[in-house]
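1. just coords:
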Ligand SMILES: Nc1nc2c(ncn2[C@@H]2O[C@H](COP(=O)(O)OP(=O)(O)OP(=O)(O)O)[C@@H](O)[C@H]2O)c(=O)[nH]1
Ligand SMILES: [Mg+2]
């Protein structure tokens, strides 16, 4: 559990620049200026106010005593039936006792006496933007229309995008990485060169605020949230119109940071910048843009990142066990992890005993590995050998990853072996040979090929359309890899837009559940086209999506049934007993 | 390392080196799969086995990115042939061979063979635009998913329109390559007269059209055969893997100085 909260802890560790709101007088002037700036950056005539409203409501609410703690979905407030704003909510039950409500007024990042120069920086930033983009033009598309997947086959490059074009500004989520010296390192859309002055000004803003012993955390405008994350010598900035919470966006930036670390290690990045403050890190990252692009597309389209849990492919437990045993037998010195993946989901993970005695593989590290595999798609017969750092395991050193597909030319089943020995390629490749042989003998590949994600209809609850269920530590398997299970997204969520819309609703529910100021245990949310219920207990976190007309009573019965079904299917849905092996009699670790 | 002894080792090792984006992966892909596809910049290195007659030739396609520079000498260890690849439209890519990659080959075999390969010749030489595939498949049916934008103008279909050579200039001439070949021999302390002639070892290729690709690989394979035979003879005893003394620091579970 403690590691699951890593991102949140980090998010809470630093000061918060609040959304502009009446309760926050010190930040007011700057905040206003910044939102003005936001309007410069992203001119938009049709302002929507709902986000600000929601925040205000929350503030007001959080001053009320929250004593209605309950783990049963027993709500009595019905939401108004004629909702207009899609994010309008009615949560009926909450328990803030587990976490003291954050005072949202804590340490506004910038205080009054800095306002003059603050405005100066803001003007600079705004000016840089205008220079680069020409004068703003109106009109924007719905964020949903240009959301993630359909614009994001891993190969499409946005590097050549015209950063002065309207379409550039309308991307739902921009991500920039720059060095402390203000040197551009990465931009999700458009080339870093074209954006270098913008990034320079962003950095000026960051360091200006820093000079006052504060840390800039976020900037809110009507349409956009700008979130800053500084990690060592790197500054990551997200400019988003996705309406995600600041915490979620910061979590995503953290993934970007980790992916960079996974390629270079934290130690070498620090070393480089200690040496030369204005080093151009693109020299080392050149060619990795597609890996970062791919990561950001996954972050937008795969709830694993939101839940900080891994998704494994449902598999008869006997088959999963036999695969694990195959991996367990094919070992060599210094091998530490053996991972089998099909269709980008985990089949099984076997790990070395001594290395990870007191730790486990973190979901985030697995996500980075999966993304790397996805983005490196070597052609068929090749066997890849590459250094890779698992930042949550140890941000400062490399593992050597052996990546090979077991079923060319389809290439859906992938074997990933991690060694601590740079020279172990041939020995590790020999393990693959053994695994291949054993799998052939047991006909595993064709069995794996039949494995599929499941349909929600298998649960047998009529109004249930989709769900995500994340158990916390499986009791008899302490320190298990955090996993979640979820059925295919089916009609009405088959189109990319609808999928993204559902994910956005989940993201919204997630942000409410995990709100730092007012965490909730249970949210019953009637949206326009569906009804959602999110529930977190000490044992699990659950997000469910029902057809819109479901009654609360129905939803509760449905969830009871669903939980029963999951319990019954547990063996198939999760990796339950990950085996271990011992390869290092005399570990160098 | 108990497993190493059991390993059926490939008979000989060939390594592709060169700056990122010069087309190493594309060349190998063209040769092995007879295709030209959009690629992703290689991470680390990728290992391939090629049956060549009765022999197993291993081919390492390495990453040109500076990020992976440290691994280069490991991939080169014991190599019988090194294919130093550059992009004929990019002078810097030739310069990088000398500056960055040549020293990596210090771990290669004493009698390692060096080939200099100027790729993307289709962009500059009309001759290289012509389909050249023994399998007789249509050549320009690349499977690239998009991004034909930059390559479009170099599309070989109308072979008689030199105007469509995409405005890309040939920055590296054959003479430049031949001169570099001479310097490589010099660097290796090899005598030009007793070494393979530059003429034979400098190639211009196109992974896109397949021009000269088979010829290049197969010339090399033929040239390493003696090395295979010799290795087979003297092999029985010697260990197959040299362990470098230097090792990466193991993964201690310390999280130092994180901010
Ligand atoms: N016109 C043309 N383009 C080519 C040719 N070979 C490769 N390319 C293009 O050049 C780019 C880089 O090719 P890769 O094969 O990935 O280059 P690489 O040398 O493997 O690069 P790294 O893996 O990063 O070291 C791709 O966009 C290819 O499509 C060629 O013969 N002609
Ligand atoms: Mg490559």
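-> Happy to help now that I have it. From a predicted model like this one, the values you see are computed outputs, not experimental measurements. Ligands and ions are numbered 1, 2, ... in the order given.
2. now the helices: where do they sit in chain B?
-> Counting by DSSP state H, chain B has helices at residues B:24-33, B:72-76, B:91-96, B:126-129, B:148-152, B:174-187, B:198-201, B:213-235.
3. Let me see the mean pLDDT of the third one.
-> If I follow you right, that is helix B:91-96. For helix B:91-96, mean pLDDT rounds to 96.
4. and it, how far out from the chain's middle?
-> Distance, stretch centre to chain centre, for helix B:91-96: 15 Å (C-alpha atoms, centre = their mean, to the nearest Å).
5. Mind giving me the packing neighbours of that helix?
-> In terms of contacts (3 or more C-beta pairs under 8 Å, 6 or more residues apart in numbering or on different chains; DSSP states H and E), helix B:91-96 is packed against strand B:81-87, helix B:174-187. (Each C-beta comes from the backbone N, C-alpha and C, glycine too.)
6. Can you point out the buried residues in the longest one?
-> The reference is to helix B:174-187. Neighbour-count burial for helix B:174-187, counted by 16 or more other C-beta atoms under 10 Å in any protein chain shown, picks out B:174, B:176-177, B:180-181, B:184-185.
7. low-scoring stretches of chain B, by residue?
-> Applying pLDDT under 70 to chain B picks out residues B:1-9, B:131-167, B:235-259.
8. Name the residue closest to the centre of it, please.
-> In chain B, the C-alpha nearest the mean C-alpha coordinate belongs to residue B:16, at 2.5 Å (C-alpha atoms, centre = their mean).
9. Would you confirm that that one contacts residue B:23?
-> No - using C-beta atoms under 8 Å, residue B:16 makes no contact with residue B:23, being 9.7 Å away.
10. where do the contact lists of these two overlap?
-> residue B:85 (C-beta atoms under 8 Å, 6 or more residues apart in numbering or on different chains).
11. how about the helices of chain B in CSV, adding distance to ligand 2?
-> Putting the helices of chain B into CSV (distance: least, C-beta to the ion, whole Å) gives the following:
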stretch, distance to ligand 2
helix B:24-33, 3
helix B:72-76, 12
helix B:91-96, 13
helix B:126-129, 20
helix B:148-152, 17
helix B:174-187, 20
helix B:198-201, 22
helix B:213-235, 15
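12. Identify, out of those, the most deeply packed stretch.
-> helix B:24-33 (a mean of 23; mean count of other C-beta atoms under 10 Å in any protein chain shown).
13. Give me the angle between that one and helix B:213-235.
-> 80 degrees (axes from the mean of the first three to the mean of the last three C-alpha atoms, to 10 degrees).
14. Quick check: which helices or strands does helix B:24-33 pack against?
-> By 3+ C-beta pairs under 8 Å, 6+ apart, helix B:24-33 packs against strand B:12-18, strand B:45-52, strand B:55-62, strand B:81-87, strand B:113-119, helix B:213-235.
15. Run the chain-centre distance for the fourth one.
-> By that I understand strand B:81-87. Relative to its parent chain, strand B:81-87 has a centroid offset of 4 Å by C-alpha atoms, centre = their mean.
16. next one: the first one
-> Taking C-alpha atoms, centre = their mean, one finds the center of strand B:12-18 at 6 Å from the center of the full chain.
17. got it, and the last one?
-> Once both centres are worked out by C-alpha atoms, centre = their mean, helix B:213-235 turns out to sit 15 Å from its chain's centre.
18. and it with strand B:55-62, angle?
-> Using the same axes, to 10 degrees: helix B:213-235 against strand B:55-62 is 120 degrees.
19. Go ahead and name everything in contact with helix B:213-235.
-> Here helix B:213-235 makes contact (C-beta under 8 Å, 6+ apart) with B:11-12, B:14, B:27, B:30-31, B:50, B:52, B:55, B:57, B:80-81, B:83, B:109, B:111, B:113, B:115, B:117, B:134, B:196, B:200, B:203, B:205-207.
20. Recalculate using a threshold of 7 Å.
-> By C-beta atoms under 7 Å, 6 or more residues apart in numbering or on different chains, the residues outside helix B:213-235 that reach it are B:11-12, B:14, B:27, B:30-31, B:52, B:55, B:57, B:80-81, B:83, B:109, B:111, B:113, B:115, B:117, B:134, B:203, B:205, B:207.
21. Pull out the buried members of those.
-> By 16+ other C-beta under 10 Å, these give B:11-12, B:14, B:27, B:30-31, B:52, B:55, B:57, B:80-81, B:83, B:109, B:113, B:115, B:117, B:203, B:205, B:207 as buried.
22. Run a quick check on residue B:117 versus residue B:85, I expect a contact.
-> Yes - counting by C-beta atoms under 7 Å, residue B:117 touches residue B:85, with 4.7 Å between them.
23. Touching both of these two, which residues are there?
-> Counting by C-beta under 7 Å, 6+ apart, residue B:117 and residue B:85 have no common neighbour.
24. what's the nearest residue to the residue of the stretch 301-450 of chain A found nearest chain B if we skip its chain neighbours?
-> For the stretch 301-450 of chain A, the residue positioned closest to chain B under C-beta to the nearest C-beta is residue A:386, at a distance of 2.3 Å. Leaving aside its chain neighbours, residue A:386 sits nearest to residue B:44 (2.3 Å; criterion: C-beta to C-beta, 6 or more residues apart in numbering or on different chains).
25. picking up where we left off before, let me have the helices and strands packed on helix B:91-96 in JSON lines, extended by distance to ligand 1.
-> Converted to JSON lines, these look like this (distance: least, C-beta to the nearest ligand atom, whole Å):
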{"stretch": "strand B:81-87", "distance to ligand 1": "6"}
{"stretch": "helix B:174-187", "distance to ligand 1": "16"}
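26. nearest to chain A, of the ones you listed?
-> That would be strand B:81-87 among the helices and strands packed on helix B:91-96, by C-beta to the nearest C-beta, at 14.4 Å.
27. who does that closest one pair up with?
-> Strand B:81-87 pairs in its sheet with strand B:12-18 (parallel), strand B:113-119 (parallel), by DSSP bridges.
28. what residues does it touch?
-> By C-beta under 7 Å, 6+ apart, strand B:81-87 touches B:14-18, B:21-24, B:27, B:76, B:93-94, B:97, B:101, B:105, B:108, B:112-120, B:172, B:220, B:223-224.
29. how about a cut-off of 6 Å?
-> B:14-18, B:22, B:24, B:93-94, B:97, B:105, B:108, B:112-120, B:220, B:224 (C-beta atoms under 6 Å, 6 or more residues apart in numbering or on different chains).
30. Over to stretch B:91-99?
-> With C-beta under 6 Å, 6+ apart, stretch B:91-99 has contacts from B:19, B:22, B:84, B:86-87, B:171-172.
31. Between those residues, identify the one with the most neighbours.
-> Most neighbours among these, by other C-beta atoms under 10 Å in any protein chain shown: residue B:86, with 30 neighbours.
32. Show me what that residue bridges to in the sheet.
-> residue B:118.
33. quick one on the thing from earlier: distance to residue B:65 added to the contacts of stretch B:91-99, as JSON lines?
-> Formatted as JSON lines, the contacts of stretch B:91-99 follow (distance: C-beta to C-beta, whole Å):
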{"residue": "B:19", "distance to residue B:65": "9"}
{"residue": "B:22", "distance to residue B:65": "12"}
{"residue": "B:84", "distance to residue B:65": "16"}
{"residue": "B:86", "distance to residue B:65": "15"}
{"residue": "B:87", "distance to residue B:65": "15"}
{"residue": "B:171", "distance to residue B:65": "21"}
{"residue": "B:172", "distance to residue B:65": "21"}
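34. so which two of these are the farthest from each other?
-> B:84 and B:171 (16.4 Å; C-beta to C-beta).
35. just checking, next helix/strand downstream of the helix or strand hosting residue A:260?
-> Per DSSP states H and E: residue A:260 is located in helix A:246-264. Next in sequence after helix A:246-264, counting helices and strands by DSSP H and E, comes helix A:266-275.
36. tell me which strands and helices that following helix is in contact with?
-> In terms of contacts (3 or more C-beta pairs under 6 Å, 6 or more residues apart in numbering or on different chains; DSSP states H and E), helix A:266-275 is packed against no helix or strand at all.
37. hey, where'd the strands end up in the stretch 351-500 of chain A?
-> For the stretch 351-500 of chain A, applying DSSP state E, counting those that start in this stretch gives strands covering A:383-388, A:399-405, A:413-419, A:464-471, A:483-484.
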